[in-house]
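1. Quick one, structure for this:
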Amino acid sequence: MGGRRGSRTQRKHFKQSRENVWKQPDARPETCSSSGPNNPNSNNSGWQPFAIQNPSFDEYYKQQGIVSPEEWDAFIKMLRTPLPAAFRINSTSQFCEDILSQLENDFMKSLQAEEIEGGDSEPIKPLPWYPDNLAWQSNFSRMQIRKNQTLEKFHEFLKLETEIGNISRQEAVSMVPPLFLDVRPDHFVLDMCAAPGSKTFQLLEIIHHSAKGGYLPDGMVLANDLDVQRCNLLIHQTKRMCTANLIVTNHEGQHFPGCRSHKNISKDSGITNKSDQSITRLLFDRVLCDVPCSGDGTLRKAPDIWRRWNGGMGNGLHCLQIHIAMRGLSLLKVGGRMVYSTCSMNPVENEAVVAEILRRCGGSVELVDVSNELPQLIRRPGLRKWKVRDKGVWLASYKDVRKFRRNGIVPSMFPSGKNYVDLIDNNQKSENVNSEDGAQPDDPVSSTNNLDEEVSDLPLERCMRIMPHDQNTGAFFIAVLQKVSHLPVIPDKSVNSRGNLSTRNDELHEELSDRATEEINELEVSTADGTDEKILQVASEADEKISEVASEGDEKILEVTSEADEKISEVALEADLVDGGVDGVALEINSSEAAQVPADKKNDSTKTGEKRKLQMQGRWRGVDPVLFFKDEDIIRSIKTFYGIDASFPFSGHLVSRNNETNHVKRIYYVSKSVRDVLELNFRVGQQLKITSVGLKMFERQSSREGSSAPCLFRISSEGLPVILPYITKQILYASPADFKHLLQSKTIKFADFFYAEFGQKAANLKLGCCVVVLREGGKSLSNHIQVQADPSTIAIGCWKGRASLTVMVTAIDCQELLERLSARMETEIGNLEQENHGELCEKQDMSGENGTSMEEHKVEA
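-> Down below sits the predicted model:
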């Protein structure tokens, strides 16, 4: 490990692209067919095909029985083909219906008409199990879409809409876990291992889509990840959502703070004191626990896993996965639901973890049967029996584990979870135990024929396994857990001889936590000035007391509950490395969404006290502070300049990331639920390390002309949809022609607009930021008094200068709006022509009917 302080998964920066091992080099000899790379007699050594097979893989999963022998060939064949590209339409986008219509009426037909090499009768199609046709899958790999000229238009469409945030590129099976969470708009949701953020984005979509139109949902999503760099990717992904209901934190999943507060601190802290309404502990209605895993379910999109896969890769992650899942359950409300998922096919990482969770929690947690949900999703039941492989040896139960390997192989890896060694040791003290009863577990077992396989008595068939060859996807494992009562006091079963100590330390931790919280809450701020310096001083003194009180107990608890399992993980990983025989490749750990391997603690052992104090005080190194913005002069100027309606909730909803008010560049807006969490975080000494929070609402205008404007802050594009219904000043309503002209030209003089009335209204505005709203067809400029809370309303931010109007949106946003406007205009024109044609035909029919009647009348006469 050397001097690295980060975890093993932090070695590779997320911006560095993975080597494309599906792609073969273009430089191939073309002199004669005999020298081609496909000719086995060729002497060309410059190119070698990538390895998409591994005998150890085949042996391992055949023994585990994850598929029947009859379908093994179809299963392995599918794993060796590239994964089709999939994407999801953002249901909260104002252009959601337009994009869906474009896919159904344009790309489905045009791509089907083209003869594409390697194509299918259905080039793109909606995933049948995803609600409302919002998820789609193409029958082309991502490389095919990038390289095929016929697919160029489709590729450009995907790139543009992804950048805007109207669609999200996401593997199909990765979309499944959030659907089983049953998220509602008022839920507090925790995504424990969130990066790179596709599932977080999906959760935010569900919360916003279910909320009332024009209003922020009452719930929120807290997305966490261990790696700071992956947090940056997570922030980049979720920024496209433009939400005020998101907090991004940077913690180890298994040590996520509980933020328990027993009493509100004084009003001088600047925190709104609502003792009967504010939350006192951070608990969640839903938890998504998509844990780090060996990742062999992603072989189709990451075929480089083939060459480094070995049967023990999952053993080293087993204990960590249990700890993350147990922490998720402890943060879950009674009655709440947690989804445990991996992108691995290994039962040691899947069913074994779920079984151990159920054993530790007793009857307080149930495995939910969701077989009736999403009926069109083909899934298989979880396994109830499996074996463990350790250094080339198959193990059917813990009694078969060799003595010197018991630090790396734990009882919870087996179906029964029984610790036979304890029984043997106890019996040996009282009487001699014969070998038939398992008194010689040190003998290696090399064959599976004579093993008595264990079968779990838990309902693990309620778990779900998604296999690649069922619906042309990747592989995934999902288990839905319901918390029916409070968790019992759970001893740490991974350390056999320290179980009682673990239980006592759990109780000690609760006692110390209560004492520490009371210490900080009793330190009332007596001065009336309420300055930030005084607050920090008081918090510092309180946190020092907390650190002193809790230091001894926390160290013991960490020693018992964390270091033992981490040691087991390290021992198992080292063994797997030796077993794999590849230089360090077994230590590269994949995750379905995040990698949460604990950091190397050797480098931090001498700084434990210092780091704890920094954490408790909220002085996170390298992270800007989160502060409620309370400069009344600036807030008043914003309200007055834009005429913001009094019904818009401003108080307590604005935050900044700068201690100095005069240097605040951005003001963020947070929902009520996020505000409550921030207030709780202040009360408990800022235990949450927040890397991103809220929606950027206002930005300081730094240009020379902007410094002379009546209001120094302009409305950001991200925050405009939220505040738009409440703006009564600095707002214009443009015709489609002027709106399109503005997007195309970027800057237009007042006299150059198509409608002189619009140009005059723009000239009459005050110098500074303004909002231009696309006027619905047929309505005059004076008919609009205030924008209604309609998500389909199209508006952009502009800068009203001394002689012109300039758009303040990015070039890619302008391109998107122009394309959507053109498509809508064509549709409206087509509908209008169709209506006129229909009316003309109706008149002709009526005329024809009348003529026939007259002729008939004459004949009769």
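
2. what about residue 108, how many neighbours?
-> Neighbour count for residue 108, taken as other C-beta atoms under 10 Å: 17. To be clear about C-beta, it is placed using only N, CA and C from the backbone, and glycine gets the same treatment.

3. My guess is it contacts residue 136. True?
-> No: counting by C-beta atoms under 8 Å, residue 108 does not reach residue 136; the two are 9.5 Å apart.

4. Between those two, which contacts overlap?
-> Residues touching both residue 108 and residue 136 by C-beta atoms under 8 Å, 6 or more residues apart in numbering: 124, 125.

5. For the stretch 401-550 of the chain, give me the ranges with low pLDDT.
-> Scanning the stretch 401-550 of the chain for pLDDT under 70 picks out the ranges 420-451, 490-550.

6. mind showing which ranges of the stretch 601-750 of the chain have poor pLDDT?
-> In the stretch 601-750 of the chain (pLDDT under 70), the answer is 601-619.

7. quick one, helices of it?
-> Assigned by DSSP state H, counting those that start in this stretch, the helices in the stretch 601-750 of the chain fall at 608-617, 632-642, 672-683, 704-707, 720-723, 736-745.

8. could I get the third one in PDB with only the CA atoms?
-> Coordinates of the C-alpha atoms in helix 672-683 are reproduced here as PDB (Å, rounded to 0.1, in the frame of the first residue of the first chain):
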ATOM      1  CA  LYS A 672     -37.700  22.300   2.900                       C
ATOM      2  CA  SER A 673     -36.500  18.800   3.300                       C
ATOM      3  CA  VAL A 674     -32.900  19.600   2.500                       C
ATOM      4  CA  ARG A 675     -33.100  22.700   4.800                       C
ATOM      5  CA  ASP A 676     -34.200  20.400   7.700                       C
ATOM      6  CA  VAL A 677     -31.300  18.100   7.100                       C
ATOM      7  CA  LEU A 678     -28.800  21.100   7.000                       C
ATOM      8  CA  GLU A 679     -30.300  22.400  10.300                       C
ATOM      9  CA  LEU A 680     -29.800  19.000  11.900                       C
ATOM     10  CA  ASN A 681     -26.300  18.800  10.600                       C
ATOM     11  CA  PHE A 682     -25.500  22.200  12.300                       C
ATOM     12  CA  ARG A 683     -27.000  21.000  15.600                       C
END
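
9. can you count the residues close to the nearest residue to residue 711 once chain neighbours are set aside?
-> Computed as C-beta to C-beta, 6 or more residues apart in numbering, the closest residue to residue 711 that is not its neighbour in sequence is residue 641, at 3.7 Å. Per other C-beta under 10 Å, the neighbour tally for residue 641 reads 20.

10. doesn't residue 715 make contact with residue 641?
-> No: look at residue 641 against residue 715 with C-beta under 8 Å: they stay out of range, at 10.1 Å.

11. about what we covered before: now the residue nearest to residue 711: how far from residue 714?
-> Separation of residue 641 from residue 714 (C-beta to C-beta, to the nearest Å) stands at 10 Å.

12. joint contacts of the two?
-> residue 768.

13. coming back round to it: most tightly surrounded among the helices of the stretch 601-750 of the chain?
-> By mean neighbour count, with neighbours taken as mean count of other C-beta atoms under 10 Å, helix 672-683 ranks first of those at a mean of 22.

14. Cross-check the contact I'm expecting between residue 230 and residue 200.
-> No: assessed by C-beta under 8 Å, residue 230 is found out of contact with residue 200, at 11.8 Å.

15. How about the secondary structure of residue 798?
-> strand (DSSP: H, G, I helix; E, B strand; the rest coil).

16. what about it, how many neighbours?
-> 26.

17. That one: what's it in contact with?
-> 742, 769, 770, 771, 772, 805, 806, 807, 808.

18. Let me know the next secondary structure element after the longest strand along the chain.
-> Longest strand in the chain by number of residues (criterion: DSSP state E): strand 332-342. Downstream of strand 332-342, the first helix or strand assigned by DSSP states H and E is helix 351-361.

19. name the helices or strands packed onto that next one?
-> helix 318-330, strand 332-342, strand 365-367, strand 476-483 (3 or more C-beta pairs under 8 Å, 6 or more residues apart in numbering; DSSP states H and E).

20. In TSV, list the contacts of residue 798 along with distance to residue 152.
-> Shown next, in TSV, are the contacts of residue 798 (distance: C-beta to C-beta, whole Å):
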residue	distance to residue 152
742	30
769	38
770	38
771	36
772	33
805	35
806	33
807	28
808	31
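
21. And those residues, which two are furthest apart?
-> 742 and 769 (14.8 Å; C-beta to C-beta).

22. can you list the weak-confidence ranges in the stretch 1-150 of the chain?
-> Using pLDDT under 70, the stretch 1-150 of the chain drops low at 1-50, 114-121.

23. make it 90
-> 1-53, 92-94, 105-123, 138-150 (pLDDT under 90).

24. neighbouring contacts of the helix or strand hosting residue 76?
-> Assigned by DSSP H and E, residue 76 falls within helix 72-79. In this structure, residues lying in contact with helix 72-79 by C-beta under 8 Å, 6+ apart are 52, 58, 62, 67, 299, 300, 467, 468, 469, 472.

25. List the buried residues in that helix.
-> By neighbour count on 16 or more other C-beta atoms under 10 Å, the buried set for helix 72-79 is 75, 76, 78, 79.

26. ok, now stretch 359-370?
-> 359, 360, 361, 364, 365, 366, 367, 368, 370.

27. now stretch 705-719
-> Those would be 706, 709, 711, 712, 713, 714, 715, 716, 717, 718, 719, for stretch 705-719 by 16+ other C-beta under 10 Å.

28. Those into JSON lines, with extra columns for distance to residue 154?
-> Below are those laid out as JSON lines (distance: C-beta to C-beta, whole Å):
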{"residue": "706", "distance to residue 154": "41"}
{"residue": "709", "distance to residue 154": "44"}
{"residue": "711", "distance to residue 154": "44"}
{"residue": "712", "distance to residue 154": "44"}
{"residue": "713", "distance to residue 154": "41"}
{"residue": "714", "distance to residue 154": "36"}
{"residue": "715", "distance to residue 154": "35"}
{"residue": "716", "distance to residue 154": "32"}
{"residue": "717", "distance to residue 154": "27"}
{"residue": "718", "distance to residue 154": "28"}
{"residue": "719", "distance to residue 154": "32"}
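
29. Which of the contacts of residue 798 ranks first by neighbour count?
-> residue 805 (27 neighbours).

30. Confirm for me that residue 733 is in contact with residue 762.
-> No: contact criterion C-beta under 8 Å: residue 733 and residue 762 do not qualify, at 10.8 Å.

31. Quick check: residue 60 vs residue 414, distance?
-> 16 Å.

32. whoops, residue 755 was the one
-> Distance from residue 755 to residue 414, by C-beta to C-beta: 77 Å.

33. One more: residue 620?
-> Applying C-beta to C-beta to residue 620 and residue 414 gives a distance of 41 Å.

34. out of those two, which sits in the busier spot?
-> Just comparing residue 620 and residue 414: by other C-beta under 10 Å the higher neighbour count belongs to residue 414, 29 against 17.

35. wait, what's in contact with that one?
-> 352, 388, 395, 396, 397, 398, 454.

36. of all the residues you listed, which two lie farthest apart?
-> 352 and 396 (13.3 Å).
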